[in-house]
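**Student:** okay, here's the prediction I keep looking at, along with the sequence it came from:
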Amino acid sequence: MRHRSLAAAAASASASGSGTIRRNVALLLPLFYQRHHRRFSFTTVACCLHPPPFESTEDQASLQGHIARGELSRARHLFDEIPSPDVRAYNDLIRAYSSSLSTAIDGLYLYRLMLRHRVAPNNYTFPFALKACSALADLHCGRTIHRHTLHMGLHADLFISTALLDMYVKCSCFPDATHVFATMPTRDLVAWNAMLAGYAHHGMYHDALTHLVTMQAQARLRPNASTLVALLPLLAQQGVLAQGTSVHAYCIRACLHLKVTDRVLVGTALLDMYAKCGSLAYARRVFDAMPMRNEVTWSALIGGFVLCGRMTQAFSLFKDMLALGLCFLSPTSIASALRACAVLDDLRMGEQLHALLAKSCVHADLTAGNSLLSMYAKAGLIDQAIAFFDELAVKDNVSYSALLSGYVQNGRAEEAFLVFKKMQACNVEPDVATMVSLIPACSHLAALQHGRCSHGFVIIRGFASETSICNALLDMYAKCGRIDLSRQVFNMMPSRDIVSWNTMIAGYGLHGLGKEATALFLEMSNQGFAPDGVTFICLISACSHSGLVTEGKHWFHEMTHRYGLTPRMEHYICMVDLLSRGGFLNEAYEFIQSMPLRADVRVWAALLGACRVYKNIDLGKRVSRMIEELGPEGTGNFVLLSNIYSAAGRFDEAAEVRIIQKVKGFKKSPGCSWIEINGSLHAFVGGDQSHPQSPKIYQELDNILAGIKKLGYHPDTSFVLHDVEEEEKEKTLIYHSEKLAIAYGILSTSENKTIFVTKNLRVCGDCHTVIKHISLVRRRDIIVRDANRFHHFKNGQCSCGDFW
DNA sequence: ATAGGGTTAG
């Protein structure tokens, strides 16, 4: 009796208890019966040795219970205790795993385990296993499953076909997706939506629209939330506002009975579409009308404002979001806010965002991390950027590109090449954006060999037809002195944008080819390209460098009257530069007085520079007073003012300005010149003796100077004496950096070669005279690219006509 | 459904 009741208790415990209890009971019971030599009924034994079907149903129920509550690890624990799980148990767990990206890999693992344990998958298994493949973009596994389903004769299964379709779309195998769709005997809305997502994924706008029309006309299916969510990003990408608006109208007209979650999705997609089409007001209106929002909604709106350049408003939205607590904060919105900081040059806010990023535990997010890196670089804090880069646990090509670009933006172009090498050593592939950042490093250094290597690199990688790459290349060739190659790149470009035209015009300007610049501008107009503000900056400064004063004035007039553009400060700088270089100093002064904007330092500095060249001390003094009134903002102005005094022999006053400068804490960036010989760069500062061939270089330079003195050259004392302190630092201004670089160039290149030297500041007047002489006595063409333009010295003359 | 790095001007 006692035994029977014990057995019954055990049986009931095994039926109701957890897996562990049950299994222990199942193990113990036979022993118990054996030991007591008792007879037991057949049911009891069966219950103990082979868990009966009703037990499995129990397991199933508790497994599903765990899954429903999202307790995946408990579900897995239970699953592992089932001695031999059946296909339903596998299906339930695979299904749960496949619903999230982070567990998709476990889903596929379980699927493989199932095959290994010889549990046959059924038609419920495949769609979920395929979903895991989609999430992981595991094409290989997806194809294997596809074959498996064909073997089992499941071609006609709607769910499997739809899952296959989705898998091929996500794995970017568009032909396979089309094939699956075409061979489906029946298609439901989910299948049509999956196919639409495929078109959207590949940016196939027209095919997507045809598909949508066919879906409604032939299959008589009405778009649902998924349809709209697939369609809207495509419209956003195409920027087709009219179509977007009609989709919006459809949403309202069709009275879609959407679930709350679907309303968030559709609303977010709608507002994103409006923002990407430039309609921020509508985006905002959709946002305001939404009954519920999530973090994606917020970041879509903030990102939209950033995209349209409305940084201040983007920022205040971000603050509104924070005011609601941290519940909507996401790495995405932080990344957008950081971009706004970078543009607004708001470092303090950027630092606060850095703290927020660290605090909200999303610092591991690369997107936001890269934005932060870039923000520091743009704020000029390259060392901060480097430190942050080093701290990143995972770095991708965007991180490397941001750092590389940071070096270039901060004038450390040589180091950009080191980053480029390092990223390749770490097997991180440079992409288009990386190269668009690297090529300007060559432009900056005027390193033609490096530039050509980069050109080769982009050809090999297949980037050479990208507009942005070509723009960078044509700028690079122009700045490396090869305006001919620049034009070649320009002519061969598959498509040009406004930057291409502007860069080419600027290139001509740099080379003093004002006529060519004007011709190109006219060609641009004829081809129906609308010039922008930058175009006129390039064009007017091209006129300025070529002495085309009348033409420059004409284009300034055209800009406002014909093209309806409002001149910005930069345009006024160009105009003052144009007038004052041409010697119309008083006209320039009057022009500044008549400006509708308050002239800033740069405008006055353009006039001040000319006062120095034309030795107009009175005006120079008046201008420098104006600069004084504006406050100490620039560095170069004091140098200019001091130069005016010393050029006129008023050294006391020159020194006085220098003292003021020193007191106010201005630093002059040191003059530096460099030359590329056989693909490597050799840089010199004034009085430099660090070069290995230094003694030879000085000997060569002394020989040259002795030679040209015989031809009547006298050092221009106004340049030599203008700065006593600099003189001490640089030993003597006879050994200005550009002279050293040219002497080295003469020593290390063959006699018929053109010498090409780059200087970070402007070439001084004394050097200008000396270089003209060198070109004559050594019969060499010498090109000097300084901070302003190109100087081509040939047979004792300079292309700039001495108005540098 | 959102999202990071990049080209022209002195």
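**Tutor:** Received it, and whenever you're ready, just let me know what you need. Residues are numbered from 1 along each chain as shown, chains lettered A, B, ... in the order given.
**Student:** A:Gly406 in helix, strand or coil?
**Tutor:** Following DSSP: H, G, I helix; E, B strand; the rest coil, A:Gly406 is assigned to helix.
**Student:** with adjacent residues omitted, what lies nearest to A:Arg88?
**Tutor:** Among residues not flanking A:Arg88 along the chain, A:Gln60 sits closest, at 6.0 Å (C-beta to C-beta, 6 or more residues apart in numbering). Backbone N, C-alpha and C define where each C-beta goes, glycine included.
**Student:** and the one you found, how far is that from DNA strand B?
**Tutor:** 31 Å (C-beta to the nearest atom of the strand, to the nearest Å).
**Student:** assumed that residue was part of a strand.
**Tutor:** No - secondary structure assignment (three-state DSSP) places A:Gln60 in helix, not in a strand.
**Student:** any idea how far A:Ser98 is from it?
**Tutor:** Separation of A:Gln60 from A:Ser98 (C-beta to C-beta, to the nearest Å) stands at 18 Å.
**Student:** cool, and A:Cys798?
**Tutor:** Distance of A:Cys798 to A:Ser98, computed by C-beta to C-beta: 73 Å.
**Student:** those two: who's more crowded?
**Tutor:** Neighbour count, other C-beta atoms under 10 Å: between A:Cys798 and A:Ser98, A:Ser98 has more, with 26 against 21.
**Student:** now do the contacts for the more buried one.
**Tutor:** Applying C-beta atoms under 8 Å, 6 or more residues apart in numbering, we find A:Ser98 in contact with A:104, A:107, A:128-129, A:131-132, A:135.
**Student:** got the residues of the stretch 151-300 of chain A near DNA strand B?
**Tutor:** A:229-230, A:232-233, A:236, A:264-265, A:268-269, A:272, A:276, A:294-297, A:299-300 (C-beta under 7 Å from any atom of the strand).
**Student:** okay, the residue nearest to A:Arg88: pLDDT?
**Tutor:** A:Gln60 is assigned a pLDDT of 76 by the prediction.
**Student:** number of residues surrounding it?
**Tutor:** A:Gln60 has 16 neighbouring residues, counting by other C-beta under 10 Å.
**Student:** could I get the contacts of A:Ser98 as CSV with neighbour count and distance to DNA strand B?
**Tutor:** What follows is the contacts of A:Ser98, written out as CSV (neighbours: other C-beta atoms under 10 Å; distance: C-beta to the nearest atom of the strand, whole Å):
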residue, neighbour count, distance to DNA strand B
A:Ala104, 22, 16
A:Gly107, 24, 19
A:Phe128, 26, 19
A:Ala129, 32, 21
A:Lys131, 21, 14
A:Ala132, 29, 17
A:Ala135, 21, 12
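**Student:** in helices, which of the residues you listed appear?
**Tutor:** Within these, residues falling in helices by DSSP state H are A:104, A:107, A:128-129, A:131-132, A:135.
**Student:** torsion angles phi and psi at A:Val685?
**Tutor:** phi -110, psi 170 (degrees, to the nearest 10).
**Student:** please tell me how far it sits from A:Ala446.
**Tutor:** Per C-beta to C-beta, A:Val685 is found 17 Å from A:Ala446.
**Student:** between those two, who's got more neighbours?
**Tutor:** A:Ala446 (24 against 18).
**Student:** which of the three states applies to the spatially closest residue to the more buried one that is not a sequence neighbour?
**Tutor:** What sits nearest to A:Ala446 in space, not counting adjacent residues and going by C-beta to C-beta, 6+ apart, is A:Thr758, at 3.9 Å. Counting by three-state DSSP, the backbone at A:Thr758 sits in strand.
**Student:** what's across from A:Thr758 in the sheet?
**Tutor:** Beta-bridge partners for A:Thr758, by DSSP bridges, are A:Trp674, A:Arg785.
**Student:** tell me the domain boundaries of chain A?
**Tutor:** By the assignment in automatic domain parsing, chain A contains the domains A:2-51, A:567-668, A:672-798.
**Student:** quick one, helices of the stretch 551-700 of chain A?
**Tutor:** A:569-581, A:585-593, A:601-613, A:617-630, A:636-647, A:651-663, A:694-710 (DSSP state H, counting those that start in this stretch).
**Student:** what's the answer for the stretch 401-550 of chain A, then?
**Tutor:** In the stretch 401-550 of chain A, the helices defined using DSSP H, counting those that start in this stretch lie at A:413-425, A:432-445, A:448-461, A:467-479, A:483-492, A:498-510, A:514-526, A:533-545, A:549-561.
**Student:** from the chain's centroid, how far away is the shortest one?
**Tutor:** It stands for helix A:483-492. 26 Å (C-alpha atoms, centre = their mean, to the nearest Å).
**Student:** next: stretch A:554-573.
**Tutor:** The answer for stretch A:554-573 is 31 Å, by C-alpha atoms, centre = their mean.
**Student:** tally of neighbours for the residue in the stretch 651-800 of chain A that DNA strand B sits nearest to?
**Tutor:** Relative to DNA strand B, the nearest point of the stretch 651-800 of chain A is A:Asn788 (6.7 Å; C-beta to the nearest atom of the strand). A:Asn788 has 17 neighbours, counted by other C-beta under 10 Å.
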